[in-house]
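Colleague: Output the structure for:
(one chain, ligands or ions: 2)
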Amino acid sequence: MEHMDIHSWSRPDLVRIRHLELDLDVRFDRRVLEGSVTLHLDRFSGDELVLDTRALEIHSVENAAGFDLGAADPVLGAPLRIRLQPDTAWVRVRYSTSPRASGLQWLDPPQTAGKLHPFLYTQSQAIHARSWIPLQDTPAVRVTFEAEIRVPEGLRAVMGAEMSGSHFRMEQPVPSYLIALAAGDLAFRTLGPRSGVYAEPALIDAAASEFADTEAMIGAVEEMYGPYRWGRYDLLVLPPSFPLGGMENPRLTFATPTVLAGDRSLVSLVAHELAHSWSGNLVTNATWSDFWLNEGFTVYVERRVLERIYGGARAEMEAVLGRRQLDTEMAGLPEADRVLHIDLTGRDPDDGCTLVPYEKGALLLRTIEQSVGRERFDAFLRAYFDHFAFRSITTADFLAYLARELPNPVPVDEWIFRPGIPAGAAEPYSDAFERVESGWPADTSAWSTQEWLHFLRSQQPPDMPRLERAFHFSDSGNSEILHQWLLMAVQTGYQPAYPKVEQFLKSVGRRKFLKPIYSELMKTPEGAARARAIYAEARPTYHPIAQATIDGIVS
Ligand code: BES
Ligand code: ZN
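Modeller: Ligands and ions are numbered 1, 2, ... in the order given. Predicted coordinates:
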């Protein structure tokens, strides 16, 4: 399975990293990681090892015949070319990161819940690992690793790996985008025999109660798709500036605190990141054009988990919400971005991250399931995870395997290579949502978060004052409902909610929430002025990848 990844300078077909040893100091005073990485090599041909780097300062390369740091490309960063002696099996690079490394966020104490200690975390997907480790930053290459991480007294470092004190070890080979580190004032609470949660002490109780179903979720996926292969499954709740909902770092999912709703209503995120332990972490997209193999499979598995734990009605609501959001987003996308196998030539893979790989991908799998029956489809998926375990595969690999193992009448090529949703697609349906749509509601006491979201989205046009009087959405403690409400406030120019809009944009860094609100504000001159004023203040508190996204919207 040798494929060129256009988002990496590396040539793993010539020389390939097999194992790495990190030795790093976390320097909060200078906002840098500093130390070395020792790279153990498999050599196939030639005497050059090419690594990816971005904004790294390279101090020296040991056990090599020389090195050269090339010119930086704006998307890819700079290639580090290392000349090898004929029998060299390892090299050691001494380096430090930039304070503006795209894969790191350094938080000052005021940006944390406890307000007393600084916090650092990494976000390596898609191509940011290279901003904190010089390596072959392509999902086609898998490495095992060990790490020794030194943090200031009183703080704790955690990694997506087996942990013992300051030492970390990952014995299963993982792609670079799954290497993850965080450091801060962290408490731990056990959830189950092989699961637990890390969070700042102020949040640990809320986190442990929100994620109480984690162990049951692990069991649910195992029953369907085979054993969990990573030993432990822990979660880490990050400060609110975390730009994502969640990130599936192996053994240690990183999660936004905005899912702590108090009623477990947003734990589909846990089901999602956990599902990646099969789709993504075990069977990995070989290039970022194959990203739908990671996310589409994961959303499919996520909904199957929800069905088993919370019932079919809940899973179906999530499917309908996803289907509607997909249509809304696709309407604004160029045709080339409405296909599953996406052309990313000249682009940052982060830009290709829309709902298409997620929801269209999941809908394709559901359509195949519908066509062959659930039993056969589950047997296929189980065998697929097993067959490709710990490997990185392309869309072509999947297509060949599907044709061989599960012949079916679904026009799979059309789904993957052509824009839009083909005829014959499965159609998620929720009768609960049907009731939500039938006029002004009489009794909402038993409504779920999903019903509230559907209710808000089906108000066309919304009577904002009446909605606020009846349901006080501006005071919602549920981040998804509040976000939907504030977005509608901006869409309709509902001034009474504007202070809340400002407060929200200044306190949350989750890109999925920021992007729609800033985009909507930019549609009017007054809104644009407001967006600029808010962003001027909020920008320094956002993660570099959220900054990059919002820089492209607010100008
Ligand atoms: N792996 C993704 C996050 C990601 C995607 C990071 C692309 C960088 C580039 C993660 O599993 C994910 O999909 N997170 C979602 C939440 C999920 C519940 C749909 C998110 O962060 O919004
Ligand atoms: Zn995902």
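
Colleague: residues contacting the nearest residue to residue 237 once chain neighbours are set aside?
Modeller: Nearest in space to residue 237, with sequence neighbours left out and distances taken as Cβ to Cβ, 6 or more residues apart in numbering, is residue 199 at 3.8 Å. (Each C-beta comes from the backbone N, C-alpha and C, glycine too.) Shown in contact with residue 199 (Cβ atoms under 8 Å, 6 or more residues apart in numbering): 186-187, 189, 206-207, 236-237, 257.

Colleague: at 10 Å what do you get?
Modeller: 113, 184-189, 205-208, 210-211, 235-239, 255, 257, 260 (Cβ atoms under 10 Å, 6 or more residues apart in numbering).

Colleague: same deal with residue 500?
Modeller: With Cβ under 10 Å, 6+ apart, residue 500 has these contacts: 473-476, 482, 485-486, 489.

Colleague: Residue 513 versus that one, what's the distance?
Modeller: Noted for residue 500: a distance of 13 Å to residue 513, by Cβ to Cβ, to the nearest Å.

Colleague: Ok, residue 56 next?
Modeller: Separation of residue 56 from residue 513 (Cβ to Cβ): 31 Å.

Colleague: Please state the mean pLDDT value computed over stretch 330-348.
Modeller: Throughout stretch 330-348, pLDDT has a mean value of 97.

Colleague: distance between the ends of it?
Modeller: In stretch 330-348, first residue to last residue: 19 Å (Cα to Cα, to the nearest Å).

Colleague: in that stretch, what's buried?
Modeller: Across stretch 330-348, burial judged by 16 or more other Cβ atoms under 10 Å covers 330, 337-342, 344, 348.

Colleague: out of the residues you listed, which one sits closest to residue 383?
Modeller: For those, the residue nearest residue 383 by Cβ to Cβ is residue 340; the value is 21.6 Å.

Colleague: For that closest one, which three-state class applies?
Modeller: Using DSSP: H, G, I helix; E, B strand; the rest coil, the secondary structure recorded for residue 340 is coil.

Colleague: one step back: between residue 500 and residue 513, what contacts are shared?
Modeller: By Cβ under 10 Å, 6+ apart, the residues touching both residue 500 and residue 513 are 482, 486.

Colleague: Need the contact partners of stretch 517-527.
Modeller: Here stretch 517-527 makes contact (Cβ under 10 Å, 6+ apart) with 332, 483, 486-493, 498, 501, 504-505, 508, 528-532, 534-535, 538, 549-550, 552-555.

Colleague: Report the buried residues of that stretch.
Modeller: Buried-residue list, stretch 517-527, by 16+ other Cβ under 10 Å: 517-522, 527.

Colleague: Enumerate every residue touching residue 192.
Modeller: If you count contacts by Cβ under 10 Å, 6+ apart, residue 192 has them with 211-219, 232-233.

Colleague: Buried ones among those?
Modeller: With burial judged by 16+ other Cβ under 10 Å, the buried subset of the contacts of residue 192 is 211, 213-215, 217-218, 232-233.

Colleague: which pair in those residues spans the largest distance?
Modeller: Within the buried ones among the contacts of residue 192, two members stand farthest from each other by Cβ to Cβ: 213 and 232, at 16.7 Å.

Colleague: per-residue confidence at the most centrally placed residue in the chain?
Modeller: What sits nearest the mean C-alpha location of the chain, by Cα atoms, centre = their mean, is residue 247, with 3.9 Å. Looking at residue 247, its pLDDT is 98.

Colleague: what's the answer for the one 3 residues further on, then?
Modeller: Model confidence at residue 250, expressed as pLDDT, equals 98.

Colleague: Which strands and helices lie in contact with the helix or strand harbouring residue 220?
Modeller: For residue 220, the element it lies in under DSSP states H and E is helix 214-225. The elements that helix 214-225 packs onto, with contact taken as 3 or more Cβ pairs under 10 Å, 6 or more residues apart in numbering; DSSP states H and E, are strand 187-192, strand 195-199, strand 233-237, helix 268-275, helix 291-310, helix 374-387.

Colleague: With ligand 1 in mind, check whether it reaches it.
Modeller: No: Helix 214-225 stays clear of ligand 1 (Cβ under 6 Å from any ligand atom), getting no nearer than 13.0 Å.

Colleague: follow-up on the earlier one: restricted to helices, list the contacts of stretch 517-527.
Modeller: When these are checked against helices (DSSP state H), the matches are 483, 486-492, 498, 501, 504-505, 528-532, 534-535, 538, 549-550.

Colleague: restrict those to those near ligand 1?
Modeller: Restricting these to those touching ligand 1 (Cβ under 6 Å from any ligand atom) yields no residues.

Colleague: Write the ChimeraX selection for whichever of those residues are buried.
Modeller: Under the burial definition 16+ other Cβ under 10 Å, those of the ones in helices among the contacts of stretch 517-527 that qualify are selected in ChimeraX by:
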select :483,486,487,488,489,490,491,498,501,504,505,530,531,534,535,538,549,550
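
Colleague: so what's the residue of the stretch 401-550 of the chain found nearest ligand 1 up against?
Modeller: Ranked by Cβ to the nearest ligand atom, the top residue of the stretch 401-550 of the chain for proximity to ligand 1 is residue 512, at 4.8 Å. Neighbour list for residue 512: 243-245, 256, 258, 355, 480, 483, 546, 549 [criterion: Cβ under 10 Å, 6+ apart].

Colleague: Columns secondary structure on top of the residues you listed, output as a markdown table?
Modeller: A markdown table is the format used below for these (three-state DSSP):
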| residue | secondary structure |
| --- | --- |
| 243 | coil |
| 244 | coil |
| 245 | coil |
| 256 | coil |
| 258 | helix |
| 355 | helix |
| 480 | helix |
| 483 | helix |
| 546 | helix |
| 549 | helix |
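
Colleague: just to revisit the earlier point, so which of the buried residues of stretch 517-527 is the closest to residue 376?
Modeller: Proximity of the buried residues of stretch 517-527 to residue 376 (Cβ to Cβ) peaks at residue 519, which lies at 42.6 Å.

Colleague: The closest one: what secondary structure?
Modeller: At residue 519 the chain is in helix, as set by three-state DSSP.

Colleague: What does the pLDDT read for it?
Modeller: pLDDT, residue 519: 98.

Colleague: Repeat that for the one 5 residues further on.
Modeller: Residue 524 carries a pLDDT value of 97.

Colleague: what separates it from residue 516, distance-wise?
Modeller: From residue 524 across to residue 516, the span is 15 Å (Cβ to Cβ).

Colleague: Show me what the host helix or strand of residue 37 pairs with in its sheet, parallel or antiparallel.
Modeller: Residue 37 is located in strand 32-43, with elements delineated by DSSP H and E. Strand 32-43 has its sheet partners listed here by DSSP bridges as strand 15-27 (antiparallel), strand 90-96 (antiparallel).

Colleague: Just put those in CSV and tack on mean pLDDT.
Modeller: Formatted as CSV, those follow (pLDDT from 0 to 100):
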stretch, mean pLDDT
strand 15-27, 98
strand 90-96, 99
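
Colleague: Mean neighbour count and distance to ligand 1 added to these, as a markdown table?
Modeller: Shown next, in a markdown table, are those (neighbours: other Cβ atoms under 10 Å; distance: least, Cβ to the nearest ligand atom, whole Å):
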| stretch | mean neighbour count | distance to ligand 1 |
| --- | --- | --- |
| strand 15-27 | 20 | 21 |
| strand 90-96 | 20 | 23 |
